[in-house]
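> What shape does this take:
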Amino acid sequence: MSLGTLAVPVIITFLICLGNIKKCQTAEDFAEGAKEGLRTAVSILPTLVLIMTAVGMFTASGAPVLISKLVSPLTQALRFPEECVPLALIRPVSGSGSLAALKDILSRTGPDSFSGLTACVLMSSTETTFYTIAVYYSALKKKPGGRIFIAAAAADISAFIIAPAAVRLFIG
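Sure thing, here's the model as predicted:
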């Protein structure tokens with residue numbers, strides 16, 4: 001058995017033993033935490049459905065391809081592969097949608113192409129920022145401030161600019 005296989009059972013056993021030593025009610029605390037987690041999951045479900053529907057409609061409409069063509073002068077100036085624009089548009093809002101965009105890029109251009117390598121770097125170095133903001137604030141039942149969107153967009157744009165440069169610099 002490897003260390004990775006044993007890690008979770010060892011940690012759980014350690015926490016149960018520690019809880020018993022400190023005279024905590026570990027089973028009741030676990031049940032209460034699970035109940036709270038389920039409440040949170042149910043409360044954010046409408047937000048998740050909305051985001052998944054919007055991303056599905058966006059990609060099915062062909063808008064990413066149209067936007068790619070519209071911003072091609074800018075992407076050429078930045079030396080950003082045009083094939084990666086749909087991934088850059090979808091990545092901040094959908095993990096599964098961005099995986100589908102990555103698969104499409106890799107199947108069309110190949111994994112060793114500049115576009116394929118840039119797409120892989122984008123996928124691994126960015127996050128579903130707007131999805132995360134929506135889910136987090138939905139769970140808190142608060143409205144996010146405008147600054148958080150500006151910061152998230154700045155982080156995403158930075159990654160979109162740096163990814164092709166990193167591919168050129170480190171991979172060739």
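
> Spatially, and excluding backbone neighbours, which residue is closest to residue 108.
With CB to CB, 6 or more residues apart in numbering as the criterion, residue 108 has its nearest non-adjacent residue at 6.7 Å, and that residue is residue 83. Using the backbone N, CA and C atoms, a C-beta is placed for each residue, glycine as well.

> Contact partners for that neighbour?
When contacts are counted by CB atoms under 8 Å, 6 or more residues apart in numbering, residue 83 touches 68, 105, 108, 109, 115, 119.

> try residue 101
Contacts of residue 101 (CB under 8 Å, 6+ apart): 59, 64, 86, 87, 90, 91, 119.

> How about residue 113?
With contact set as CB under 8 Å, 6+ apart, residue 113 has no partners.

> Ramachandran coordinates for it?
phi -80, psi 160 (degrees, to the nearest 10).

> Just the pLDDT at it, thanks.
With respect to pLDDT, residue 113 scores 95.

> quick check: longest helix of the chain.
helix 26-60 (DSSP state H).

> Run through the neighbouring helices and strands of that one.
Secondary-structure packing of helix 26-60 (3 or more CB pairs under 8 Å, 6 or more residues apart in numbering; DSSP states H and E): helix 3-21, helix 85-90, helix 95-109, helix 129-140.

> what would the ones you listed look like in CSV with distance to residue 55 and mean pLDDT?
Shown next, in CSV, are the helices and strands packed on helix 26-60 (distance: least, CB to CB, whole Å; pLDDT from 0 to 100):
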stretch, distance to residue 55, mean pLDDT
helix 3-21, 32, 87
helix 85-90, 7, 90
helix 95-109, 5, 91
helix 129-140, 9, 87
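
> That's all I had, so thanks and see you.
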